[in-house]
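Trainee: next one to model:
(one chain, ligands or ions: 1)
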Amino acid sequence: MGKKMSIYDEDNTVRTSKSEVNLEVASGDISNANAKNCAQFFPPGPQSLRPTELPAGHAIEKCTSRLIVSKLVNKRISKKLKDLYLKPTKENILFFLTTEDKGIIKELYSFAGKVREEHTGNFVHLRGLIEFSNYCFRSCHYCGLNKENKKVPRFRIPKETIVEIAIEAANNGYKTIVLQSGEDTFYSIEDYIYIIKSIKSKVDVAITLAIGEKTFEEYKILKENGADRYLLKHETSNADLYHKLNPGMSHKYRIDSLKELKRLGFQVGSGIMIGLPGQTVESIADDILLFKELDLDMIGCGPFISHEETPLAGSPSGNPELAFRVLAINRIITKNTNLPFTTALSVLTKEQKTSFTDPFFKGANVLMPKLTPLKYQKLYDIYPNDNRYDGNSKEFIKDMNKTLSVKGLKTSTSLGNRNR
Ligand code: SF4
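Mentor: Numbering: from 1, shown residues only. Modelled structure (predicted):
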């Protein structure tokens, strides 16, 4: 037996030397013919190439995927899991969302953990989250920041302070800064350009924007001025439900925005809430297929948690177990998409005996620690959440690294872009 090794280094760098390929061939169960086909795609030259530097669909990527498939899909897993990995269908997704067979659920999680390890390594990406404004002119029925909520004091962090927080975080080791707010027109496009350029002129980080819908022209300007990623959750693929829960908004524009962001070259993230009133399990299966179709770079799926100052006050929370299944299925279907252990899921599971690291063995590979100053965290009141901490403190980062390393995981030191 050859030595078992992942084809990924830290991180997302594909090993391409022929000797390493041979190790893969020796360790796996791919056919000689397949191995020969693969070897011919590996060019002489640098020992490693980043797939992101290669044209989309380059033979190396296709070749390495075949190797991965051959290693993961073996006789030890059920046909339904193989199908989920190789050719997912709505019927198959529904099976895993609804089964009550504990053995099957255990196998689903275990396989998702292996797919995560094989396709993204044992690295956890920390995305430092700065919630810089809780003003919003929208009225989403599930969100405590909706404009009708007069009870929450509103705040805005000055752009200079946002830059300072981001630079401090980068110096503490964060490689991604997520700038998140309600839909707040106070900040102009020029303000975002100032923030992005001021951060990037001082530190090497990726910048993610989670600032709601903009015009296509504005998306373009933001990309041209250094924004790397854009998060825009579509919450549900059910357009009727979306329009009911998001008055005055267009589901079509949401989806069109995701496509346009992708076309512009952003790494694009989206996601849904699990357990929204009116949502069905069929609709969740459609969401998962839509994630696949959109070829998203990040997918966040957390359980719905009701907020008392919203029209959905008193509605039951989403089921964390269902959210974990969606996480695992997303991992198996999308392979290398960045999948966070969402804050909402951590809130609903913190009383349980679920280990903090457990979600990474069900498919997650991203954490989004809060860098928002503590005095503002309680005001960023999307849903009830007492989980407050200073993600920019040395102690927090040290503890995080220690907790992850106990389970064989490591904080990533790369920007953490997804290979396409
Ligand atoms: S979900 Fe976003 S857009 Fe909707 S009210 Fe909340 S912050 Fe505003």
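Trainee: show me where the stretch 201-350 of the chain has its helices.
Mentor: With DSSP state H, counting those that start in this stretch as the definition, the stretch 201-350 of the chain shows helices at residue ranges 216-224, 239-245, 251-263, 281-294, 320-334, 343-349.
Trainee: and this structure, which of its residues are near the ligand?
Mentor: Listed as neighbours of the ligand in the chain under the rule CB under 6 Å from any ligand atom: 136, 138, 140, 143, 145-146, 182-183, 212. Quick note: C-beta positions are derived from backbone N, CA and C, even for glycine.
Trainee: mind redoing it with 8 Å?
Mentor: Contact residues (CB under 8 Å from any ligand atom) of the chain with the ligand: 134, 136-140, 142-147, 181-183, 212, 233, 246, 382.
Trainee: Pro153 touches Asp381, doesn't it?
Mentor: No. Using CB atoms under 8 Å, Pro153 makes no contact with Asp381, being 9.5 Å away.
Trainee: could you list the domains of this structure?
Mentor: Listed by automatic domain parsing, the domain ranges of the chain are 1-72, 120-411.
Trainee: and the angle for the longest helix seen in the chain with helix 320-334?
Mentor: For the chain, the longest helix by residue count, based on DSSP state H, is helix 102-120. Angle, helix 102-120 to helix 320-334, by axes from the mean of the first three to the mean of the last three CA atoms, to 10 degrees: 50 degrees.
Trainee: what's the first helix or strand after helix 102-120?
Mentor: For helix 102-120, the succeeding helix or strand toward the C-terminus, using DSSP states H and E, is strand 123-133.
Trainee: any idea of the mean pLDDT for that following strand?
Mentor: For strand 123-133, mean pLDDT is 97.
Trainee: likewise for stretch 232-245?
Mentor: Stretch 232-245 comes out at a mean pLDDT of 95.
Trainee: same question, stretch 192-201
Mentor: For stretch 192-201, the mean per-residue pLDDT is 98.
Trainee: return the alpha-carbon coordinates of it using CSV.
Mentor: Only the C-alpha atoms of stretch 192-201 are listed here, as CSV (Å, rounded to 0.1, in the frame of the first residue of the first chain):
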residue,chain,number,x,y,z
TYR,A,192,-16.3,51.7,0.8
ILE,A,193,-13.5,52.4,-1.6
TYR,A,194,-11.7,54.4,1.1
ILE,A,195,-12.1,51.6,3.6
ILE,A,196,-11.0,48.8,1.2
LYS,A,197,-8.0,50.7,-0.1
SER,A,198,-6.9,51.9,3.3
ILE,A,199,-7.0,48.4,4.6
LYS,A,200,-5.3,46.8,1.6
SER,A,201,-2.6,49.4,1.4
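Trainee: what residues of it count as buried?
Mentor: 192-196, 198-200 (16 or more other CB atoms under 10 Å).
Trainee: how distant is it from the center of its chain?
Mentor: Its chain's average C-alpha position is 23 Å from that of stretch 192-201, according to CA atoms, centre = their mean, to the nearest Å.
Trainee: how about whichever residue of the stretch 301-420 of the chain sits closest to the ligand, secondary structure?
Mentor: With CB to the nearest ligand atom, the shortest gap between the stretch 301-420 of the chain and the ligand falls at Ile382, namely 6.1 Å. At Ile382 the chain is in coil, as set by DSSP: H, G, I helix; E, B strand; the rest coil.
Trainee: just to revisit the earlier point, CA atoms of the longest helix of the chain as PDB?
Mentor: Coordinates of each C-alpha in helix 102-120 appear next as PDB, following Å, rounded to 0.1, in the frame of the first residue of the first chain:
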ATOM      1  CA  LYS A 102     -29.300   7.000  13.200                       C
ATOM      2  CA  GLY A 103     -26.800   4.800  11.300                       C
ATOM      3  CA  ILE A 104     -27.400   6.600   8.100                       C
ATOM      4  CA  ILE A 105     -27.200  10.000   9.700                       C
ATOM      5  CA  LYS A 106     -23.900   9.000  11.300                       C
ATOM      6  CA  GLU A 107     -22.600   7.800   8.000                       C
ATOM      7  CA  LEU A 108     -23.600  11.100   6.400                       C
ATOM      8  CA  TYR A 109     -21.700  13.200   8.900                       C
ATOM      9  CA  SER A 110     -18.700  10.900   8.800                       C
ATOM     10  CA  PHE A 111     -18.500  11.100   5.000                       C
ATOM     11  CA  ALA A 112     -19.000  14.900   5.000                       C
ATOM     12  CA  GLY A 113     -16.000  15.200   7.400                       C
ATOM     13  CA  LYS A 114     -13.900  13.100   5.100                       C
ATOM     14  CA  VAL A 115     -14.900  15.100   2.000                       C
ATOM     15  CA  ARG A 116     -14.000  18.300   3.900                       C
ATOM     16  CA  GLU A 117     -10.600  16.900   4.800                       C
ATOM     17  CA  GLU A 118      -9.900  15.600   1.300                       C
ATOM     18  CA  HIS A 119     -11.000  18.700  -0.600                       C
ATOM     19  CA  THR A 120     -10.000  21.500   1.800                       C
END
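Trainee: 46 is where my numbering starts, stick with that
Mentor: Done: numbering now begins at 46, and the last item shifts to helix 147-165.
Trainee: that one - contacts with which helices or strands?
Mentor: Here helix 147-165 touches strand 53-54, helix 104-117, helix 124-131, helix 365-379, going by 3 or more CB pairs under 8 Å, 6 or more residues apart in numbering; DSSP states H and E.
Trainee: off-centre distance for that helix?
Mentor: Mean C-alpha position of helix 147-165 versus that of the full chain (CA atoms, centre = their mean) differs by 17 Å.
Trainee: low-confidence stretches in the stretch 96-245 of the chain?
Mentor: Scanning the stretch 96-245 of the chain for pLDDT under 70 picks out 96-115, 120.
Trainee: hang on, the earlier thing: closest to the ligand out of the buried residues of stretch 237-246?
Mentor: Top of the list for closeness to the ligand, among the buried residues of stretch 237-246 and by CB to the nearest ligand atom, is Tyr237 at 16.7 Å.
Trainee: that concludes my questions; thank you for your assistance.
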